[in-house]
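A.B. asks: I would like to see how this sequence folds:
(chains A and B)
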Amino acid sequence: MKYISEFRDGELAQKIAAGIRGEADPARRYHFMEFCGGHTHAISRYGIVDLLPDNVRMIHGPGCPVCVLPIGRVDQAIRLALDAGVTLCTYGDCLRVPASDGLSLLKAKARGGDVRMVYSCMDAVTLAQKHPERQVVFFAIGFETTTPPTAVAIRQAAALGLKNFSVLCCHVLTPAAIVGILESPEARAGQIVLDGMVGPAHVSTIIGSQPYAFVPERYGKPVVIAGFEPLDVLQAIRLLIRQVNDGRAEIENEFTRAVTPAGNRKAQALVAEVFELRPEFEWRGLGSLPASALRIRDTFAEFDAEKRFPADYASVPDHKACECGAILRGVKRPQECKIFGTVCTPENPVGSCMVSSEGACAAHYTYGRYRDV
Amino acid sequence: MTQTRKPYTRPLDLKHGQVDMAHGSGGRAMAQLIDELFARHLGNEYLGQGDDGAVLPAPGEGRLVMATDAHVVSPLFFPGGDIGCLSVHGTINDVAVMGAKPLYLAAAFILEEGLPLADLARVVQSMAAAAAAAGVPVVTGDTKVVERGKGDGIFIATTGVGVVPPGRELSGRRARPGDVVLVSGTLGDHGMAIMAERESLGFEGADGQSPILSDSAALHGLIEAMLASGAAIRVLRDPTRGGLATTLNEIARQSGVGILLQEKSLPVKPAVHAACELLGLDPLYVANEGKLVAICAENDAERLLTAMRAHPLGEAAAIVGTVQADDHHFVQMTTAFGGRRIVDWLSGDQLPRIC
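C.D. replies: This is a model prediction of the structure:
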């Protein structure tokens, strides 16, 4: 397939892997975090770990949209579907995230809630147009990649004068999460060693590479922005190793075919028109982070589901045995969680990291657990 | 003496008519539906008996195989097929992969009130054509009608009976370490054809038609050719719902073995690959309706492959993996990229990824 198979070339992978083995200093260890779930997925699915020397370790980061969604937010969506009787639309992975009382949106659907999976938030707008008698709520989750389409949907709904469309906005911001990782108690106490970061792919197409400048400047750690294809990831790891070996800490862009320093200004303007910063937002695993998420501006208040329906947010603690929090902060690996693969499996996920194929636990369980036995 | 008038029954309005509750009530309307639609298209000497069950000649020797399959596909019509031919092919294949010659089919229809009779006629004609092409008659059937909103147009459950000749042993329990895994053609065609239609994705090829067609087909002819090759076939199975990955996991568990696939060898059409890529799906988990998996002794693999490729339904057949000793019964894959990963059971439905 043109423009994809080129980035999955096995022979080229062997060459880069040989390069990595040649450049990695056997006398030291390298710990890199891939921020995005898309990278986690690629690493697991293509078996990239098999191509890396033992002293290069990848740590899975928190950049999986459904993983960082706290229970309380899913509860809010479920209450809208079950109690407020709305038609609740959201993206596929979101349906299986475990919430309170053993529920998920998929289970709420089985209980009679009108829950729909959509491929695009514009599908939710179309649904609202077709069914003026129904209140349609789009449960908007995700990082900067999915935010511009939500902004477009809200503007479209305003242009159409729709009175039955609103958005439960849970869009979150990548740089704030990176700060959350680097400032976590474990990071400050030196319990996590992090030598560099594979920077986001699709998120960076929107925000550009500039917003990560604080990582090398303030924390002295290199960032290499990489695409989601396996060769992208391998090449980024090689570039990170070079920076570490040279004692450099810079922003490098491996994903030049899509990412520029300033990003997509048009998309940024759209987002700024419709959304504003929330003072703070609770993340799963990272706790409450200041200025880390977006809410709908007053100009578009009528499309804000939190204002239209009585759906206050209430924080709910994670399951006691679940280590999703520590895994999302890079402190623990999935196989170090006591309930990994026993009580918590993709069929019956206890924590959010076991839900999406981008989640660290689901990726390891689905693709890599043969390494544990 | 008064003359009785010849009774006149208005024929079914196959152009504008709809299924109504009377078509399932057991009265004249139902008799008419059976006569003018089912019997007319599917008719044969056994169905024509008109009794509660079909009386069939007992097969001479061998063992009976019986399989049943309920079909609830939405949409009813999709590129490359429809629920009618699917319900014939699916059950014939379930019988045939046991090594049996399929002999007879039974069909039960659950129709939703309001279904256009034209759609029903199209489905029944498609079933009739599929059954005739396969040489497997529908010998008995049943029709029920449910109220509007309680069905999805048409559900069709078919049951098939066949005979396995003495000495032929095929089962998901018979794979052994060292055996070779083959597939009869490209993976994921049916599932992606359905998905493209269901989600109105409107994939277009250079000719303006959808480049992705369902592979719905009866496989008993291909299977006969494979068995005739003399290769020591241990397992045959059709990887329908859940795709190749699910079928191989079932076999690995049943036989108590592991399986190692080679990603490079898996046949997938470029259009299906592209559509899966777009939706974040894995063709290994996408349904097929006209493909089979075969597991055979290592030394016979090439001979079997040659026999498969010589048949029109096996032209794209390929050797895709090997059976291994593995206490965990993992299905694993050497990726084209050079790494290794598990090909796990699917949890729930495949859902598209977010970013």
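
A.B. asks: got the contact list for residue A:361?
C.D. replies: Contact analysis of residue A:361 by CB atoms under 8 Å, 6 or more residues apart in numbering or on different chains lists A:324, A:327, A:334, A:337, A:340, A:344, A:351, A:353, A:354. C-beta coordinates here come from the backbone N, C-alpha and C atoms, glycine included.

A.B. asks: is it true that residue B:107 touches residue B:137?
C.D. replies: No. Counting by CB atoms under 8 Å, residue B:107 does not reach residue B:137; the two are 10.6 Å apart.

A.B. asks: overlap in contacts of those two?
C.D. replies: Residues touching both residue B:107 and residue B:137 (CB under 8 Å, 6+ apart) are residue B:42.

A.B. asks: which of the two has more neighbours?
C.D. replies: In terms of neighbours (other CB atoms under 10 Å in any protein chain shown), residue B:107 is the more surrounded of residue B:107 and residue B:137; the figures are 26 against 20.

A.B. asks: Can you give me the pLDDT of the more buried one?
C.D. replies: For residue B:107, the pLDDT comes out at 98.

A.B. asks: how close does it get to residue B:136?
C.D. replies: To residue B:136, residue B:107 is 11 Å away according to CB to CB, to the nearest Å.

A.B. asks: residue contacts, residue 244?
C.D. replies: Chain wasn't specified; assuming chain A. So residue A:244 contacts A:30, A:195, A:196, A:222 (CB under 8 Å, 6+ apart).

A.B. asks: try again with chain B
C.D. replies: Counted by CB under 8 Å, 6+ apart, residue B:244 has contacts B:183, B:187, B:266, B:284, B:285, B:288, B:293.

A.B. asks: if I've got this straight, it is in a helix?
C.D. replies: Yes. Under DSSP: H, G, I helix; E, B strand; the rest coil, residue B:244 sits within a helix.

A.B. asks: And what about residue B:295, helix, strand or coil?
C.D. replies: Under three-state DSSP, residue B:295 falls in the strand class.

A.B. asks: Tell me which stretches of the stretch 51-200 of chain B form helices.
C.D. replies: Counting by DSSP state H, counting those that start in this stretch, the stretch 51-200 of chain B has helices at residues B:83-96, B:117-134, B:189-198.

A.B. asks: per-stretch mean pLDDT over those, give me the minimum one.
C.D. replies: Set side by side, the helices of the stretch 51-200 of chain B give their lowest mean pLDDT on helix B:189-198, at a mean of 89.

A.B. asks: What mean pLDDT does whichever helix or strand comes after that helix get?
C.D. replies: Remark: after helix B:189-198, the chain's next helix or strand is helix B:220-228, criterion DSSP states H and E. Helix B:220-228 carries an average pLDDT of 97.

A.B. asks: tell me the centre residue of chain A?
C.D. replies: Nearest to the geometric centre of chain A sits residue A:64, at 2.5 Å (CA atoms, centre = their mean).

A.B. asks: Quick check: closest non-adjacent residue to the residue of the stretch 101-250 of chain B at minimum distance from chain A.
C.D. replies: With CB to the nearest CB, the shortest gap between the stretch 101-250 of chain B and chain A falls at residue B:199, namely 6.7 Å. Using CB to CB, 6 or more residues apart in numbering or on different chains and skipping the chain neighbours, the partner closest in space to residue B:199 is residue A:119 (6.7 Å).

A.B. asks: quick one, phi/psi of that neighbour?
C.D. replies: phi -90, psi -20 (degrees, to the nearest 10).

A.B. asks: burial count for it?
C.D. replies: Using other CB under 10 Å, residue A:119 has 14 neighbouring residues.

A.B. asks: Make JSON lines out of the helices of the stretch 51-200 of chain B and add mean neighbour count.
C.D. replies: What follows is those, written out as JSON lines (neighbours: other CB atoms under 10 Å in any protein chain shown):
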{"stretch": "helix B:83-96", "mean neighbour count": "28"}
{"stretch": "helix B:117-134", "mean neighbour count": "20"}
{"stretch": "helix B:189-198", "mean neighbour count": "24"}
